[in-house]
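In: Structure of the sequence below:
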Amino acid sequence: AAALKNLEIIEREDLLGNAARVGALFESQLKTLESLPIVGQVRGRKLMICVENVADKATKALLPDDLDVGKRISDACEAMGLMVRPIGHLNVMSPPLVITEGDVDFVARTLAKAITQVADRFVKDGIRIG
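Out: Numbering: from 1, shown residues only. Modelled structure (predicted):
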């Protein structure tokens, strides 16, 4: 009975349609992060996206593990009200099916700020990125 009710809600609220529409926006907004100095690649589709953080964009060389770049970015995001899952040099996001366009803007803007803060800190600490 619970599963049938769940399916009813998914259909009534058009959650899959929302995921397709807003997911496309989520994907395109996060792709803009590839212009940031330590983002090597944004990969995934719709509402399952991963941001790869690197030391060198051209070679895709990773930052040293001890810098814990994914966690640093995650911590910076959390301080601004966004939860992002760090996995090594990656930041993974899989927002809920009810995500809105406004939520997408918040995620992209906040993640860009956090990545920039971490990259700036690396530069100040003499860690070479490029």
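In: is it fair to say Gly44 lies in a strand?
Out: Yes - judged by DSSP: H, G, I helix; E, B strand; the rest coil, Gly44 forms part of a strand.
In: For it, give its distance to Glu27.
Out: Here Gly44 is placed at a distance of 7 Å from Glu27 (C-beta to C-beta, to the nearest Å). C-beta coordinates here come from the backbone N, C-alpha and C atoms, glycine included.
In: In three-state terms, label Val51 for me.
Out: strand.
In: What residue, apart from its backbone neighbours, is nearest it spatially?
Out: Once flanking residues are discounted, Val51 sits nearest to Asn91: 4.5 Å by C-beta to C-beta, 6 or more residues apart in numbering.
In: Identify the residues contacting that neighbour.
Out: Residues near Asn91 by C-beta atoms under 8 Å, 6 or more residues apart in numbering: 50-51, 53, 70, 73-74, 77, 84-85, 111.
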